[in-house]
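[1] quick one: sequence and predicted model below, then my questions.
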2 protein chains.
Amino acid sequence: MDKAQRIANKQKQISISEFFEKNKHFLGFDTHQRAIITAVKEAVDNSLDACEEGRILPEIHVFIKRLEGGNLELITQDNGPGIPRDSIANVFGKFLLGSRFHAIRQTRGQQGIGITGVVMYSQLTTGSLTTVMSKIEAESTAVRVNLALDTKNNRALKSNEERIPLEDWFRESGIESLHGLRIRTVMAAKYQRGRQSVHQYLRMTSIVNPHATIRLHVVGKDGEVVDQGEWVRTTSKLPRPVVEIKPHPHGMQFGTLQRMLKSTKERNVKSFLRKEFEKVSPLVAKKILEHATLDEKRRPSNLDVESIQRLLAAFMEVKIQAPPVDCLSPIEDLLIKKGLEKAIDSRYAATVTRNPSVSQGNPFQVEVGLVFGGDLPSDGTVELLRFANRVPLMYQQGGCLLTKAIESIDWRRYGLEQTGGKGVPKGPAAILVHLASTNVQFTSEAKEAVSDNDEVFDELRRALFEVGRGLQSHRKRVGQREKSKEKFDLINKILPEIAAKSSLMLGKPQPDLSPIITKIMNAVFCEEEVIWDPSEKVTRCKIKIYNYTARARAYTIIAKWPESELVKIGENARGGRKEARGLWAWRLDAIDPGDMTQIDFTVTGLSKGDWKEAEVFYRGNGEVIGCEKIDESLLEEARKQERLQEVVEEFEDEAGSTSNDQVLVGSPHSHGESNDEWQTGNKLF
Amino acid sequence: MDKAQRIANKQKQISISEFFEKNKHFLGFDTHQRAIITAVKEAVDNSLDACEEGRILPEIHVFIKRLEGGNLELITQDNGPGIPRDSIANVFGKFLLGSRFHAIRQTRGQQGIGITGVVMYSQLTTGSLTTVMSKIEAESTAVRVNLALDTKNNRALKSNEERIPLEDWFRESGIESLHGLRIRTVMAAKYQRGRQSVHQYLRMTSIVNPHATIRLHVVGKDGEVVDQGEWVRTTSKLPRPVVEIKPHPHGMQFGTLQRMLKSTKERNVKSFLRKEFEKVSPLVAKKILEHATLDEKRRPSNLDVESIQRLLAAFMEVKIQAPPVDCLSPIEDLLIKKGLEKAIDSRYAATVTRNPSVSQGNPFQVEVGLVFGGDLPSDGTVELLRFANRVPLMYQQGGCLLTKAIESIDWRRYGLEQTGGKGVPKGPAAILVHLASTNVQFTSEAKEAVSDNDEVFDELRRALFEVGRGLQSHRKRVGQREKSKEKFDLINKILPEIAAKSSLMLGKPQPDLSPIITKIMNAVFCEEEVIWDPSEKVTRCKIKIYNYTARARAYTIIAKWPESELVKIGENARGGRKEARGLWAWRLDAIDPGDMTQIDFTVTGLSKGDWKEAEVFYRGNGEVIGCEKIDESLLEEARKQERLQEVVEEFEDEAGSTSNDQVLVGSPHSHGESNDEWQTGNKLF
């Protein structure tokens, strides 16, 4: 027989289950230590997704027990909506069956792989069946069933299915919920503590899911407690429900568009564009077709390759609004700060939530938090906390786009140590990065690292620049103040002593020292203080300006504050005016030499610890120690962005829509370019 | 409707093609720069595999052209066996169809994903069809066909299939072969030069596939040459054919064993063990069953979970020979050295090919090469060249097990700089690591990084320790010699001059300086030189021992040489005897003070540059500069290993087998432990 024929004869179709069984390491089951983390992760991610979809505040319990012989038993219990009897087998025993694969909205799970992988790994390594107990609200009893995988045919095998009375459900589940899911599985695995552990995974999960209560209980062979943890929810506000959207024209792939054109029910290409895409109004559709030189009456299924290419090009040439944001669920800065401070004690915290952007038709949004100082160790590299769609990423740090973005920034400019201006910086800081997207592109099914994407990379860098700049001015402010304070203390202590001694010796009266002190200091100082007022439940901000120069001084003082829909300025005796979103300005009367002026205002809608330090800017001549001169050109840019935002909102209101978008001009990249140095995000200036 | 039911109703089965289309980044198509590298890699890997399977010396041409509009056209041509007409569509248009998935032997491709991914990516990004032209030897004409993917059904769509006359095949293919394969595809991609490029990929491929000739030709939009490369084969010896083997009992997974037991045709568990596993003789089968307390008459399909667990445990308790090595195809040290020297100009090169080992039932083998000095830059980190089954790995360096093994070694002990004794070392060196395995566990389908595995990690560390020790003694030797040479030169130059001047001034005869020089030097020197003799086609090794002490000295000199089946000692006037594999010893008569003795021998079977430096040891009193005292306990250990090897070979011969194994005692780990400090690999001592 011909060589070629001989080789060809050996070819066989492989089932997806066989594929994943042989490649279990793709799913995160490469080592025994990692296997248990992966199993917990898949179960907890599913619970969180189901609770969010069912609008339930999640209560999740994780029990792990070491069995005789070394295998681990894992039980997870949630109060989610549960799974109907007829769907259980498919959810747990069939790969690539999912409800979210074709949907464009942000969820943790998407592929229909995760939990089936756990059932598979359990069966492969120990021969055990996985037991699932499910209670849905509509039924008066729970259902319990044992599951196995028919690997050759990618099918679930059910056994011992039975109905469980309500009282037994309550007793076994240990929760007081009329709905929920309990999974029990046994696997070859090893429980470990440390940086990569179940404990750490759940702790990180609680940071970005402050609405969830999670409990962990780990026991050894003889029932002794090996590890435990409890993370109680810090907010009862569920994340905003995410809405499924249609694809956005930007970055559409040729093949995807071709398939949409083939399968649409619309009879002409204009209605196809209007009905099957987000943000294509009749006017936009008309412009797209003009750019593509296509007749709007053309039948979608009749377009040839060349016409489709013109259509794709037109998508990028016509101005199209950004996709709606309600398909995404960012954590938002106050919760990031709270979470970070729960995890890490620090002096300074800053966060940035960027406006949503779009890559390959998928909306995404980037958030960054940075904490500095406090108890953080100053000799090692900065701790990186990576998250994608509110799921912590614990492996493959080096190969992850989120890490690469951090490594690409020259952190030395912002006061952190960094060899050669590249790589993970060193110093007493931690950086949190969250990517929210309707389609997070991971490097593998184990979802441990984000793969390369230029648009996401650029957005990450912009957010990182911004927290970097915040850190830099914080450090500058702190440094200036410490230095001046030292000088001030010295002068105020030593001069009067010398004066007192000299006067005594000479028998003369003590001279007035303030003009002399002013002369020596020759500076204007600014001090700010932000404190939580527990009796009034407001945050109080005090700004003091000391004039230690020989001339009277007049300034406009501008404070940055965490403005949002819910966060407002309360008391503000001095009045002043809004300069831009999150920036308030007060024009002060001249301060005489040796005098001080104070600004007091309160901010409502915040909780304790939400806001701990105000950034203060000034407009006027000379230098003010402790605050920075405002950059008018950047301020102008910020106002422009804000006006743009308002125009969009008006336009949206007219159009009857309630979402909160921004206009994209030209390509999906260009809107961000001007934004690089001065971001007008929702919350932080 | 109940929440749970509403969620469940949305579930849909996803086809594997839809899965990979949405997750094209899993396959290495994340950025435009990487897409072209991935496409070339998939085509070239397939060509090399097919040529090896067909026992053909590969000739591979890669043409890339930038088209109007920015897309790239890729054409690859090989002289492999070709693909029969009826198989073309499935090979290129159907995911998870492969000939090698269930086979236990070393190949580049295994999953039936790679080239279908290229067709998919081309279609998705440009709507283009992929054209395949195939010629098999058994037919007088070639066949040409256009291919597309029916993504929803994971099916190939053929069009324009036609027969191509032989003369057109010759003309179009540009090669003079009666068999081969030509692929043309168009994709959204970007050609780049640099460290991660098609050029670099092919260069690295040629290093570990010295039997292949590869040509690259890249042109721009107007036909101008953008890049090109030619790597001509340096050997006409094809890699040893790899044989498909049965699974080995070591590290067998529960689920795999369970399935084998269920589907076997053997009627009792003893014959099941003998027939379905490698290296299970009747005696071994009997011992396994005794350990598992199982009756040998038991029907395989009747074993319960508990019995299977006992059987698995017995697999690890009974001594079982290592798997046969003929399923693996290591590069072997001489070719690694040649390859490294082709790529990198350096002074010192050392390689280690470890004996095969087994992990989770899969045989694997580790090879390491290290080059040092020469033109290598001394200020940066060491260059790492990673390979798996003769395929270069170019991405995800940080997340790869091969890198982690290198990073885990304290290279400071071996003379390289390394911060904190961890991480990639610095200095003028390059390290090559090759993992050959019947089942390389990558972190994803893109096959760019090896995932965590404790057994492979340990083997890698052993190999790295060994090249590290070689580097250390090389550096020590060079250092000692340089220092002594300096002293020697100084004394030999200055003393005679002083003597001459003094004699002249005093009008006295010049004294004999040699006793004085000897007294000052007071050392024994060893110098070795290895040179290629082009006229005789042998490698000549000279070892000189100088006695610059006041007493007569006697030594046994032992030289390490690259012994193998084909490499022998030729001329050797002094005789001597073999001490162990790759170690030859000469007992020298006493060397008088001021005298020198020389050993000359030739080694046959090597090519120019294969061997450039001999390691020399001595047995005797005092110190010999330029060579190391032999460690008798290590030598004894080496002899023991060798005897074991011989015993196994005899045993094999008796059993009628011809393979070249070693006995594994107890667990698959233990055999290597004693080996840690002194390796008896095939070629290097």
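    It's in. Keep in mind that what you see is a predicted model, and the values were worked out from it rather than measured. Numbering: from 1, shown residues only, chains lettered A, B, ... in the order given.
[2] which ones are touching whichever residue of chain A sits closest to chain B?
    Among the residues of chain A, residue A:398 lies nearest to chain B; the distance is 2.6 Å by Cβ to the nearest Cβ. For every residue, glycine as well, the C-beta is placed using N, CA and C. The neighbours of residue A:398, taking Cβ atoms under 8 Å, 6 or more residues apart in numbering or on different chains as the test, are B:396-399.
[3] likewise for residue A:208?
    For residue A:208, the contact set (Cβ under 8 Å, 6+ apart) comprises A:331, A:335-336, A:339, A:387, A:390-392, A:434.
[4] again, but for residue A:206
    Residue A:206 neighbours (Cβ under 8 Å, 6+ apart): A:212, A:214, A:231, A:339, A:342.
[5] got the residues of the stretch 251-400 of chain A near chain B?
    Within the stretch 251-400 of chain A, the residues that sit near chain B (Cβ under 8 Å from any Cβ of the partner chain) are A:253-256, A:258-259, A:305, A:308-309, A:395-399.
[6] which of the helices or strands spans the spatially most central residue of chain A?
    Centroid check for chain A by Cα atoms, centre = their mean gives residue A:434 as the closest residue, at 3.3 Å. Residue A:434 is located in strand A:429-437, with elements delineated by DSSP states H and E.
[7] quick one: list the elements packing against that strand.
    helix A:333-343, strand A:362-372, strand A:383-388, helix A:401-407, helix A:454-506 (3 or more Cβ pairs under 8 Å, 6 or more residues apart in numbering or on different chains; DSSP states H and E).
[8] make CSV from the contacts of residue A:398 and add secondary structure and pLDDT to it.
    Shown next, in CSV, are these (DSSP: H, G, I helix; E, B strand; the rest coil; pLDDT from 0 to 100):
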residue, secondary structure, pLDDT
B:396, coil, 87
B:397, coil, 87
B:398, coil, 84
B:399, coil, 85
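[9] that older thread, and the contacts of residue A:208, which of them are buried?
    A:331, A:335-336, A:339, A:387, A:390-392, A:434 (16 or more other Cβ atoms under 10 Å in any protein chain shown).
[10] now residue A:631: how far from residue B:204?
    Using Cβ to Cβ, to the nearest Å, residue A:631 is found at 50 Å from residue B:204.
[11] got the contacts of residue A:208 as a markdown table, with pLDDT columns?
    A markdown table is the format used below for the contacts of residue A:208 (pLDDT from 0 to 100):
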| residue | pLDDT |
| --- | --- |
| A:331 | 83 |
| A:335 | 75 |
| A:336 | 79 |
| A:339 | 70 |
| A:387 | 94 |
| A:390 | 90 |
| A:391 | 91 |
| A:392 | 91 |
| A:434 | 94 |
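[12] nearest to residue A:286 among the residues you listed?
    Nearest to residue A:286 out of the contacts of residue A:208 is residue A:434 (Cβ to Cβ; 38.2 Å).
[13] I'd say residue A:400 and residue A:452 touch.
    No - taking contacts as Cβ atoms under 8 Å, residue A:400 lies outside contact range of residue A:452: 9.8 Å.
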